[in-house]
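Enquirer: what follows is a predicted structure for the sequence shown.
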Amino acid sequence: MSEQHKTRIYMIRHGKAAAGWDGDADPGLDDLGRQQSAAVAEKLKQLIGAPVPILSSPLKRCQETAMPLAESWQASVRIEPRVAEIPSPIEDLTARTVWLRRVMGGSWQALYNDPESTGHDFTAWYHNVVSALTDLHQTGAREVVVYSHFIALNVAYCAATGDDKVVSFAPDNCSLSIFETDGKTLSLVRKGDEAQTLVN
């Protein structure tokens, strides 16, 4: 394999979910989310042209977002736990939504040292998201599609740009961002569409 080879990663936030963080720990998509998933599948087929590996977070909203593309390509979806949404140290759904909103207003460094967030190694979680993406280079694939989440997409963006804000951009539902990796680092090719949406 050439040293110049890079893997292009099409990273998509899931479609609109049927509930937010305060309503369901693992919701599927609502009707609009299913429409968004079909639309982004068409966009991906135009950009890529031929089937490539498809990866998804294990959460329902991502797996359901991946289905239109997988069905069109008659392909399977590989579950990648490392691109799941940020874990919460709080089980109560309402309380964890308050925690998330507070965390989203700060920096990664603040989260790593947050006394309310004990019980989770967020430094390791951050680096696991990044390694899930950079490891794709080792597969030899030139292009890969990854369905993930709001904060996980921000991890990729921060790793590629050096930003330290937990929310450095606000990807819309089914927003498509493009990254490249040489197996060691991530670079940003194109930031996806942004919008104010329910974070879940």
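Expert: That came through fine.
Enquirer: could you look up the SS state of S177?
Expert: Three-state call for S177 (DSSP: H, G, I helix; E, B strand; the rest coil): strand.
Enquirer: quick check: it vs D121, distance?
Expert: As judged by C-beta to C-beta, to the nearest Å, S177 and D121 stand 25 Å apart. All C-beta atoms are positioned from the backbone trio N, CA, C, and that covers glycine.
Enquirer: between the two, who's got more neighbours?
Expert: Higher neighbour count among S177 and D121: S177, with 23 against 13, using other C-beta atoms under 10 Å.
Enquirer: so what's the residue count around the closest residue to the more buried one other than its chain neighbours?
Expert: In space, and not counting its chain neighbours, S177 is closest to G192: 3.9 Å by C-beta to C-beta, 6 or more residues apart in numbering. Neighbour count of G192, defined by other C-beta under 10 Å: 21.
Enquirer: for G192, report the pLDDT, please.
Expert: Looking at G192, its pLDDT is 97.
Enquirer: so where does it fall, helix or strand?
Expert: Counting by DSSP states H and E, no helix or strand carries G192.
Enquirer: residues contacting it?
Expert: M11, I12, R13, L153, F169, P171, D172, S175, L176, S177 (C-beta atoms under 8 Å, 6 or more residues apart in numbering).
Enquirer: from those residues, which ones fall inside helices?
Expert: L153 (DSSP state H).
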